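In: can't give you the sequence, but here's the structure:
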């Protein structure tokens, strides 16, 4: 039986320089504001990999990524935002904790422009890049044909051209990644209807290659129905009125090369009021309850030390104010 040492000795010296054993190859992770997602991904989104975040409109995909950037900035990470939708709002980003002065910002309208900017950011040593969203990017064929030619190509070669351009894009970006440092490359995509002869399903933009080159695929679900709405008191003049302040967002880890896939959860997302963005503490409480660390009987929540609190919101606020309790729950869940 040939040993590693014997095999290495027989290799061409040029090839030998590029080879090592599999020991010590570790992946760093960037935590998100969702404790449930972090736990499912063994710590967060993996650096050096492509991550796809997709789903229905108003499922707070961009906000999840902006809050993730805010957390990364606090750890000294350099982040970049490629705006294809022309929907970036500095005011909203600031509310979510982003420091816009330390955020690299660029616009891209075509797939090729997105690739050029992304590769430039990667080669410059940027830690996290977000593209919002790939659904808005145009393939090169739109600039090679006239209006009449495009009408003739509609729903035929255009679709194939878009898939081909995206496939080449992910190849080039993956080739550039990890040469300077492992960059976390996040793609945001809207959901599209995939109509077949038998049924209609939803899929992200970019064809199959977008999923294939992504080591992590997260889908977000949101509903505008009343039972998914979160209501709270809003000050209007000298009065307090009850208004919608947020909504429930459901997430699904559809695929992961760095952890077990097919996990799911739910968190509260607030768009107005005292709390803005994903409520990570509420997510921690719900995850602890699902795993039996918190017992709920009716409206009462009880910890293993006998502490009782009435009402979910009251219990979340207790955990929010008690950092030692937060640390204890996190250690128990991750242990």
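Out: That came in fine, so what should we check first? Note that the structure is a prediction, hence the values are computed from the model and not measured. Numbers count the residues shown, from 1 in each chain.

In: what's the longest helix in this protein?
Out: When the chain is parsed with DSSP state H, its longest helix is helix 157-176.

In: Contacts for stretch 227-237 next, please.
Out: 222, 240-248, 268, 270, 272-273 (C-beta atoms under 8 Å, 6 or more residues apart in numbering). C-betas here are computed from N, CA, C, even on glycine.

In: Could you rerun that using 10 Å?
Out: 221-223, 239-250, 266, 268-275, 279, 282, 313 (C-beta atoms under 10 Å, 6 or more residues apart in numbering).

In: Which of the residues you listed fall in helices?
Out: 282, 313.

In: Give me the neighbour count for residue 130.
Out: By other C-beta atoms under 10 Å, the residues close to residue 130 number 26.

In: Could you do residue 74 as well?
Out: 10.

In: what about the strands in the stretch 101-250 of the chain?
Out: Assigned by DSSP state E, counting those that start in this stretch, the stretch 101-250 of the chain shows strands spanning 103-107, 128-132, 184-195, 200-204, 216-222, 229-236, 239-256.

In: worst-scoring helix or strand of the chain, pLDDT-wise?
Out: helix 147-153 (a mean of 57; mean pLDDT, DSSP states H and E).

In: Quickly note the distance from the residue nearest to residue 276 when sequence neighbours are not counted to residue 187.
Out: Leaving aside its chain neighbours, residue 276 sits nearest to residue 95 (4.8 Å; criterion: C-beta to C-beta, 6 or more residues apart in numbering). With distances taken as C-beta to C-beta, to the nearest Å, residue 95 is found 24 Å from residue 187.

In: ok, those two, which is more surrounded?
Out: More crowded of residue 95 and residue 187, by other C-beta under 10 Å: residue 187, with 31 against 16.

In: so that one touches residue 51, yeah?
Out: Yes - counting by C-beta atoms under 10 Å, residue 51 is a contact partner of residue 187 at 7.0 Å.

In: what is in contact with those two at once?
Out: Residues touching both residue 187 and residue 51 (C-beta under 10 Å, 6+ apart) are 65, 130, 214, 217.

In: Tell me the spacing between residue 307 and residue 296.
Out: Taking C-beta to C-beta, one finds residue 307 at 13 Å from residue 296.

In: any residues in contact with both of these two?
Out: Counting by C-beta under 10 Å, 6+ apart, the shared contacts of residue 307 and residue 296 are residue 315.

In: quick one: low-confidence parts of the stretch 51-200 of the chain?
Out: 144-159, 195-200 (pLDDT under 70).

In: Let me know the pLDDT of residue 317.
Out: pLDDT for residue 317: 95.

In: quick one: contacts for residue 264?
Out: Contacts of residue 264 by C-beta under 10 Å, 6+ apart are 36-37, 40, 219, 221, 250-254.

In: So which of those wins on neighbours?
Out: residue 37 leads the contacts of residue 264 on contacts (other C-beta under 10 Å) with 26 neighbours.

In: How about the secondary structure of that residue?
Out: helix (DSSP: H, G, I helix; E, B strand; the rest coil).

In: residues touching the spatially closest residue to it that is not a sequence neighbour, list them.
Out: Using C-beta to C-beta, 6+ apart and skipping the chain neighbours, the partner closest in space to residue 37 is residue 251 (6.0 Å). Neighbouring residues of residue 251 by C-beta under 10 Å, 6+ apart: 32, 34, 36-37, 40, 53, 55, 59, 64, 218-221, 263-267, 283.

In: Same check on residue 126?
Out: With contact taken as C-beta under 10 Å, 6+ apart, residue 126 is in contact with 77-80, 104, 118, 120, 180-181, 183-185.
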